[in-house]
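S.K.: Sequence first, then the predicted structure, then my questions.
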Amino acid sequence: MEIYEELQKRGLIAQVTDEKEIRELLNSGGARFYIGFDPTADSLHCGHFMALCLMKRLQMAGNKPVVLLGGGTGYIGDPSGRSDMRSMLSPETIEHNCQCFKKQMERFIEFGDDKAILVNNADWLLKLNYVDLLREVGACFSVNNMLRAECYKQRMEKGLSFLEFNYMIMQSYDFYHLSKEYGCNMQFGGDDQWSNMLGGTELIRKKTGKDAYAMTITLLLNSEGKKMGKTQSGAVWLDPEKTSPFDFYQYWRNVADADVLKCIRMLTFLPLEEIDKMESWEGSQLNTAKDILAYELTSLVHGTEEADKAREASKALFGGSGVSANMPTHALGADDFTDGSINIMDLLVKAGLCPSKGEARRLVQQGGVSVNDEKIGDIAKTFPAEAFEGEFILRKGKKVFIKITK
C-alpha cells in the first residue's frame with residue numbers, strides 16, 4: 001500500500017486541493033512539504049502530535065519535510081478556532097519557545113542534508129517593509145473572500161482585530177517564500193487551517209504562475225465531537241516536565257471505548273493489517289487495545305524505557321499488585337507543614353491534584369478523595385509529618401493518584 005492510500009485508510013486526510021496531483025506527488029516521494037508550528041507555549045502538545053507523526057510517515061515514504069517555526073507569525077497569533085484574541089508574547093518568550101520546540105521535534109523528524117530542514121519565519125517576516133508588502137502581496141487578496149473564511153467567523157462576533165486579520169496574509173506569504181527559496185510545493189495543516197492554506201496556494205499561483213498544493217489533517221475528536229488531548233487541568237504536553245510520561249500514558253489508557261481504535265489507527269505506526277484485526281474486539285479486549293495505544297504513543301514521545309515504567313506502574317496500581325516504584329511522587333518540604341501537620345486541602349493543592357483550595361474543598365465534599373484506599377470526607381482532616389514516612393497514596397477520583405513523601 002502506498003503512502004497516500006495509507007493516509008486515507010488511517011482516516012488522516014480531511015481536505016485536498018487536487019487529489020490526483022497530491023496522490024502522485026506523495027506516492028512518488030516528490031513532495032517538498034511544510035507544516036507550521038506557532039510557538040504559543042514552551043512545549044508541543046497532543047494537538048501537534050498528529051502533525052509530527054504525519055511528517056514522520058511522509059519522510060519515511062521519501063518525501064522531504066520543511067519544519068516551519070512561527071517565530072514571526074507568533075507575534076500576531078492565529079485566530080483560527082478561537083473565540084477570543086491570543087495573548088501577545090514577548091520576543092524573548094517566542095524565541096525561548098522556538099528552541100523548546102526544536103528539541104522536541106528531533107525525536108520525530110530526521111534532520112540533515114537531503115532530509116528535513118528547520119526554518120523560522122522570523123528570518124523573513126520581521127524584515128518585511130510594510131508598504132512593500134502591501135504592494136507585493138496585498139493586491140493578491142480579496143477582503144470579501146477573507147471575511148468569508150472559516151478561520152475568521154468565530155472572531156467576527158466578538159471583534160476581529162486588524163492584527164489578527166493579517167494572519168492569513170502572513171501564513172500565505174510563508175508558503176510563497178518557502179516555494180521560492182526551498183522549492184516547497186505542498187503545505188499540510190489542521191482542518192481549521194484550510195482558508196489560510198488556500199490563501200497560500202492562490203498567492204503562489206498569482207505571483208509565479210506555478211501550482212502548489214494543500215492538504216488538511218483530520219482533527220482528532222472524541223465520540224462526543226470534542227478535541228482530544230486536553231484534561232481538566234489543561235493540555236496534554238509532550239514535555240515530561242509538564243506532563244509526566246506516566247500521566248501521558250494514563251491519558252491514552254483512559255480514552256473511551258468508542259475512541260480507542262480510531263486513535264490507534266490515526267496516531268500509531270502499527271501495521272493496518274494488525275489494527276484491522278482489532279475491529280472485532282469488545283469487552284476486556286478493548287482494555288488491551290487501550291494499553292497498546294498508551295504504550296505505543298508513550299514510546300514514540302518518551303522512549304520505550306519510560307513507556308515500560310508507565311505500563312508497570314499502571315498495572316501495579318490498577319491491577320491490585322501494590323505500590324510501584326514508578327508511581328508519580330511528590331515530596332513535601334518542611335515549609336509545607338504547619339505545627340507539624342498538613343490539611344487535606346493544602347495537600348491536594350501542593351501535590352498538583354487541584355488548582356485551588358476551593359476546588360480541593362469541593363472534591364473532598366463530593367467524596368472524590370482517598371488516602372491509602374480510605375475515603376476522606378472531612379475538609380478539616382490533617383495528617384502529621386510522620387504519616388508520610390510510610391506508604392501514603394493520595395487518590396483523586398478513580399484514576400488519578402500520587403505517592404506523597406517527605
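M.R.: In hand now; what should we look at?

S.K.: Can you check the pLDDT for the residue located most distally from the centre of the chain?
M.R.: Residue farthest from the centre of the chain, counting by C-alpha atoms, centre = their mean, is Asp339 at 43.1 Å. Looking at Asp339, its pLDDT is 86.

S.K.: Please report the distance of it from Thr382.
M.R.: Counting by C-beta to C-beta, to the nearest Å, the gap from Asp339 to Thr382 is 9 Å. Heads up, the C-betas are built off the backbone N, CA and C, glycines and all.

S.K.: swap in Lys226?
M.R.: Distance from Lys226 to Thr382, by C-beta to C-beta: 38 Å.

S.K.: how close does the closest residue to Met105 other than its chain neighbours get to Lys102?
M.R.: Computed as C-beta to C-beta, 6 or more residues apart in numbering, the closest residue to Met105 that is not its neighbour in sequence is Val67, at 6.0 Å. Distance, Val67 to Lys102, using C-beta to C-beta: 8 Å.

S.K.: what about the residue nearest to Met105, which helix or strand?
M.R.: Taking DSSP states H and E as the criterion, Val67 maps to strand 64-69.

S.K.: Pull the residues that contact that strand.
M.R.: Under the criterion C-beta atoms under 8 Å, 6 or more residues apart in numbering, residues 31-37, 39, 55, 58-59, 98, 101-102, 105, 109, 111, 114-122, 174, 178, 182, 184 lie in contact with strand 64-69.

S.K.: So for Gly11, what pLDDT did the model give?
M.R.: Listed pLDDT for Gly11 reads 95.

S.K.: Now for it: which residues touch it?
M.R.: Listed by C-beta under 8 Å, 6+ apart, the contact set of Gly11 reads Thr218, Lys262, Arg265, Met266.

S.K.: from those residues, which single one is nearest Gly368?
M.R.: Nearest to Gly368 among these is Lys262, at 29.2 Å by C-beta to C-beta.

S.K.: So that closest one, which state does it fall into?
M.R.: Classification of Lys262 by DSSP: H, G, I helix; E, B strand; the rest coil places it in helix.

S.K.: Show the contacting residues for Ile169.
M.R.: Ile169 neighbours (C-beta under 8 Å, 6+ apart): Leu133, Val137, Gly138, Phe141, Gly199.

S.K.: burial count for the last one?
M.R.: The local packing count at Gly199 equals 26, with neighbours defined by other C-beta atoms under 10 Å.

S.K.: by contact count, what packs against the helix or strand hosting it?
M.R.: Assigned by DSSP H and E, Gly199 belongs to helix 194-208. Under the contact definition 3 or more C-beta pairs under 8 Å, 6 or more residues apart in numbering; DSSP states H and E, helix 194-208 sits against helix 150-156, helix 167-182, strand 186-190, strand 213-217.

S.K.: how big is the angle separating that helix from strand 213-217?
M.R.: 170 degrees (axes from the mean of the first three to the mean of the last three C-alpha atoms, to 10 degrees).

S.K.: ok, and for helix 194-208, which residues are buried?
M.R.: Residues of helix 194-208 classed as buried: Trp194, Ser195, Asn196, Met197, Leu198, Gly199, Gly200, Thr201, Glu202, Leu203, Ile204 (neighbour count, 16 or more other C-beta atoms under 10 Å).

S.K.: now stretch 354-361
M.R.: Those would be Cys354, Ala360, for stretch 354-361 by 16+ other C-beta under 10 Å.

S.K.: residue contacts, Phe269?
M.R.: By C-beta under 8 Å, 6+ apart, Phe269 lies in contact with Cys53, Lys56, Arg57, Glu296, Leu300.

S.K.: Look up phi and psi at it.
M.R.: In terms of degrees, to the nearest 10, the main-chain angles of Phe269 are phi -110, psi 20.

S.K.: if I look at it, how far off is Phe108?
M.R.: In terms of C-beta to C-beta, Phe269 sits 11 Å off from Phe108.

S.K.: where do the contact lists of the two overlap?
M.R.: With C-beta under 8 Å, 6+ apart as the test, Phe269 and Phe108 both reach Cys53, Lys56, Leu300.

S.K.: by how many degrees do the host helix or strand of the second one and strand 64-69 diverge?
M.R.: Taking DSSP H and E as the definition, one finds Lys56 inside helix 46-60. Between helix 46-60 and strand 64-69, the angle formed by their directions is 150 degrees, by the same axes, to 10 degrees.

S.K.: List of residues touching helix 46-60?
M.R.: 3, 6-7, 12, 26, 31, 33, 35, 37, 44, 65, 67, 105, 108-110, 115-116, 188-190, 217, 220, 227-230, 235-238, 266-267, 269, 297, 300-301.

S.K.: Using CSV, list the CA coordinates for that helix.
M.R.: Coordinates of each C-alpha in helix 46-60 appear next as CSV, following Å, rounded to 0.1, in the frame of the first residue of the first chain:
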residue,chain,number,x,y,z
CYS,A,46,-1.0,16.5,21.7
GLY,A,47,-2.5,18.9,19.1
HIS,A,48,0.9,19.0,17.4
PHE,A,49,1.5,15.3,17.9
MET,A,50,-0.5,14.1,14.9
ALA,A,51,1.2,16.7,12.6
LEU,A,52,4.6,15.4,13.7
CYS,A,53,3.5,11.8,13.1
LEU,A,54,2.3,12.8,9.6
MET,A,55,5.7,14.4,8.9
LYS,A,56,7.4,11.2,10.0
ARG,A,57,5.2,9.0,7.9
LEU,A,58,5.8,11.2,4.8
GLN,A,59,9.5,11.3,5.4
MET,A,60,9.7,7.5,5.7
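
S.K.: Just want the angle from it to strand 186-190.
M.R.: Helix 46-60 runs at 150 degrees relative to strand 186-190, counting by the same axes, to 10 degrees.

S.K.: Now helix 46-60: buried residues?
M.R.: Going by neighbour count (16+ other C-beta under 10 Å), the buried part of helix 46-60 is 46-59.

S.K.: before we move on, the earlier item: the more surrounded of Lys226 and Thr382?
M.R.: Shown here are Lys226 and Thr382; by other C-beta under 10 Å, Thr382 has more neighbours (17 against 8).

S.K.: Please save the CA atoms from stretch 370-385 in CSV.
M.R.: Output of stretch 370-385 as CSV, limited to C-alpha atoms (Å, rounded to 0.1, in the frame of the first residue of the first chain):
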residue,chain,number,x,y,z
SER,A,370,-9.0,8.9,49.3
VAL,A,371,-5.7,8.1,51.1
ASN,A,372,-4.5,4.5,51.0
ASP,A,373,-7.9,3.5,49.7
GLU,A,374,-9.7,5.2,52.7
LYS,A,375,-12.2,7.8,51.6
ILE,A,376,-11.6,11.3,53.1
GLY,A,377,-14.8,13.3,53.6
ASP,A,378,-13.8,15.9,56.2
ILE,A,379,-12.2,19.1,54.8
ALA,A,380,-10.6,19.6,58.3
LYS,A,381,-8.7,16.4,58.1
THR,A,382,-5.0,16.8,58.8
PHE,A,383,-2.0,14.5,58.6
PRO,A,384,1.1,14.6,60.8
ALA,A,385,4.5,14.7,59.2
